[in-house]
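Asker: after the sequence you'll find the predicted model.
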Amino acid sequence: MVTNFISEKAKIGENVKIWHYSYVGDNTKIGNNVSIGALAHIDYDVKIGENTRIEGQAYIPPLSRIGKNVFIGPAAVLTNDPYPMCNKMIGVTIKNNAIIGARAVIKAGVTIGENSVVAMGAIVTKNVPENTVVIGAPASIRYSRKEYDKKQRQWKES
């Protein structure tokens, strides 16, 4: 028997796919055409825009705001407590069309700009401007989204 826990207080859009053993908390709003991978944890009071894809084992903490057309890779971790253990929390904001690579970690309160890319394994401790690619630990700007898209096209054509 496969079990998901989806809160009765969550608002789920149309054509949403939530894979095995995932959790969706209270007062979470998930837009249309969203896919949430197996073992993902989407905590309470999270907002996820339409056409977003969250891969398996990702952790999305309370108060996170995720835009439209976002990709969050496997085992990515967003945080919401900049000084653990504290009762005052703040979520992560990921703007439209952003890409978060596998196993990336994003500090509480950080905003990932529109069309930006966070590389796999990056540790993001500061806001990421729109249309940029960040890599490393701590993450730093490596190149533009335009350059990323060019590299992606070249990869597909090779």
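Answerer: Looks like it arrived, so ask away.
Asker: what's the spacing between the closest residue to G67 other than its chain neighbours and F71?
Answerer: Take G67 and drop its neighbours on the chain: the residue closest to it by CB to CB, 6 or more residues apart in numbering is N96, 3.8 Å away. In this view, the C-beta of every residue, glycine as well, is placed from N, C-alpha and C. Distance of N96 to F71, given as CB to CB, to the nearest Å: 11 Å.
Asker: ok, S158 next?
Answerer: S158 sits 22 Å away from F71 when distances are taken as CB to CB.
Asker: looking at these two, which one has more neighbours?
Answerer: F71 (18 against 5; other CB atoms under 10 Å).
Asker: does that one touch I99 like I think?
Answerer: Yes - with contact defined as CB atoms under 8 Å, F71 counts as touching I99 (4.8 Å).
Asker: where does this protein dip in pLDDT?
Answerer: 1-2 (pLDDT under 70).
Asker: look at the nearest residue to E50 once chain neighbours are set aside and say how many residues are nearby.
Answerer: Distances taken as CB to CB, 6+ apart place G31 nearest to E50, at 3.6 Å, with adjacent residues excluded. By the criterion of other CB under 10 Å, G31 has 20 neighbours.
Asker: what sits against G31?
Answerer: Residues counted as contacts of G31 (CB atoms under 8 Å, 6 or more residues apart in numbering) are G13, I48, G49, E50, N51, T52, K68.
Asker: which residue is the nearest non-sequential neighbour of the third one?
Answerer: Nearest non-adjacent residue to G49, counting by CB to CB, 6+ apart: K68, 3.6 Å away.
Asker: burial measure for the one you found, as a count.
Answerer: With other CB under 10 Å as criterion, K68 counts 18.
Asker: can I assume it sits in a strand?
Answerer: No - counting by DSSP: H, G, I helix; E, B strand; the rest coil, K68 is not part of a strand but coil.
Asker: so how far is R103 from it?
Answerer: Distance, K68 to R103, using CB to CB: 24 Å.
Asker: what about the most centrally placed residue in the chain, distance to K9?
Answerer: Centroid-nearest residue in the chain, with CA atoms, centre = their mean: I72, separated by 4.2 Å. To K9, I72 is 23 Å away according to CB to CB.
Asker: can you pull out the helices in the chain?
Answerer: Under the criterion DSSP state H, the chain contains helices at 145-157.
Asker: pretty sure V24 is touching I6, no?
Answerer: Yes - at 4.5 Å, V24 counts as touching I6 under the criterion of CB under 8 Å.
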